[in-house]
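> here you go, sequence then predicted model.
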Amino acid sequence: MIVLQGLPRTVKQVIVPPIKCQGIKTKLVKFILGNISWNGKGRWIEPFLGSGVVLFNVQPERALVNDINPHIISLYQMIYDGSLSPDEVRKYLTAEGKKLLVNGEDYYYAVRERFNKSGDSLDFIFLNRSCFNGIMRFNSKGEFNVPFCRKPDRFRQAYVTKIVNQISQIRKIMQGKDWEFRVGDWRDVLENVTEDDFVYLDPPYIGRHTDYYQQWSEDDAADLAILARNLPCGFALSMWKENKYRLNPHIAYYWDGLVERTFTHFYHVGSTENLRNSMEEALLIKPGYEAEKIKTTKAAKPVQLTFALHEQAG
């Protein structure tokens, strides 16, 4: 008998995905899953999958997930259908890690060049876990262009084990589930949505440099607001609300009338205290799909978030 995993839900231990990207919601998962009301009968739909951290914690029986980045979807599709195993990842990272230790950044850039020709999913994991600051960024040609983290001993045994365990964990979550993975335009995913589905929207944060594969424009943001409001099902949108310097006008202009829940955390993009600032995140929910209101929450300690890489694209 299948037990439907609806929301809201209290998450004790957050499932952390094996890949990182800017805007990852690992620190916000408890907040998101605690504020949405959904019966779990339909599909969990994510047009902007990103790292997949929200999906892996919701663990729906049925899902439709999409991303414009083919490398993310290819990796998760291979784990889902069993064509990439945790043991293969362990052997690969152990062998490649030894080469990185001996040859340093020259080897990192050799793998990067190889990946940009082949798109190999194992190389994608290697680059994502050894690049500068966990950034995921591609140039206009679709080439990964993030520099090396400058740690030749990056793939120590404990680190490899950590990544392999993350893959094993999401593989176990996926088993027996009816999940569909797509690569393409987010608009296509919002077609043929039913009343029982729930759509979670985590687009690039407009004005925050969080896009990692394709530019996100004001027109895209406006289209998303129009399409979301016409959905027959519940939906929720993650968006930054304000920091000490400015308020995001996008929320009031496009998303007025939705239920707003907020979460305050801290981020820093440097090593000193004066670079650490608070950020208020908003979860905007279609009325009728919000959970009973909980007290506005704050992160217990500063969170490392990466919003921009001030380095020329390669």
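Okay, I see it. Numbering: from 1, shown residues only.
> helices along the protein, start to end?
In the chain, the segments counted as helices under DSSP state H are 29-33, 53-58, 70-81, 86-103, 105-118, 121-128, 157-174, 186-189, 218-229, 249-254.
> quick one: closest of those to residue 141.
Ranking those by proximity to residue 141 (CB to CB) places helix 105-118 first, at 8.3 Å. Where C-beta positions appear, they are placed from N, C-alpha and C, glycine not excepted.
> quick check: angle from that closest one to helix 121-128?
Helix 105-118 and helix 121-128 are oriented at 140 degrees to each other (axes from the mean of the first three to the mean of the last three CA atoms, to 10 degrees).
> so helix 105-118 versus helix 70-81, what angle?
Angle, helix 105-118 to helix 70-81, by the same axes, to 10 degrees: 80 degrees.
> ok, and what's touching helix 105-118?
The contact list for helix 105-118 (CB atoms under 8 Å, 6 or more residues apart in numbering) reads 96, 99-100, 103, 120, 123-124, 126-127, 130-131, 143-145, 148, 150, 152.
> mind listing what's buried along it?
Neighbour counts over helix 105-118 (16 or more other CB atoms under 10 Å) mark 107-108, 111-112, 115-116 as buried.
> I'd like these as a markdown table, with pLDDT appended.
Listed next are the buried residues of helix 105-118 as a markdown table, based on pLDDT from 0 to 100:
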| residue | pLDDT |
| --- | --- |
| 107 | 98 |
| 108 | 98 |
| 111 | 98 |
| 112 | 98 |
| 115 | 98 |
| 116 | 98 |
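> how about TSV for the residues you listed, with distance to residue 85 added?
Listed next are the buried residues of helix 105-118 as TSV, based on distance: CB to CB, whole Å:
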residue	distance to residue 85
107	24
108	25
111	20
112	24
115	20
116	25
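> for these, which one is nearest residue 7?
residue 115 (36.5 Å).
> which of the helices of the chain sits most buried?
Counting by mean count of other CB atoms under 10 Å, helix 53-58 has the highest mean neighbour count of those, with a mean of 24.
> now for that one, which elements pack on it?
Packed against helix 53-58 by the contact rule (3 or more CB pairs under 8 Å, 6 or more residues apart in numbering; DSSP states H and E) you find helix 29-33, strand 44-46, helix 157-174.
> what's next to the second one, contact-wise?
Okay, so that is strand 44-46. By CB under 8 Å, 6+ apart, the list of residues contacting strand 44-46 reads 38, 54-55, 58, 60, 62-66, 189-190, 193, 197-202.
> stretch 139-154 too?
Taking CB under 8 Å, 6+ apart as the rule, stretch 139-154 contacts 97, 100-101, 103-105, 108-109, 112, 115-116, 124, 127, 129-133, 135-138, 213, 309, 311, 313-314.
> 6 Å - rerun?
Stretch 139-154 is contacted by residues 100-101, 104-105, 108, 112, 116, 127, 130-132, 135, 137-138, 313-314 when judged by CB atoms under 6 Å, 6 or more residues apart in numbering.
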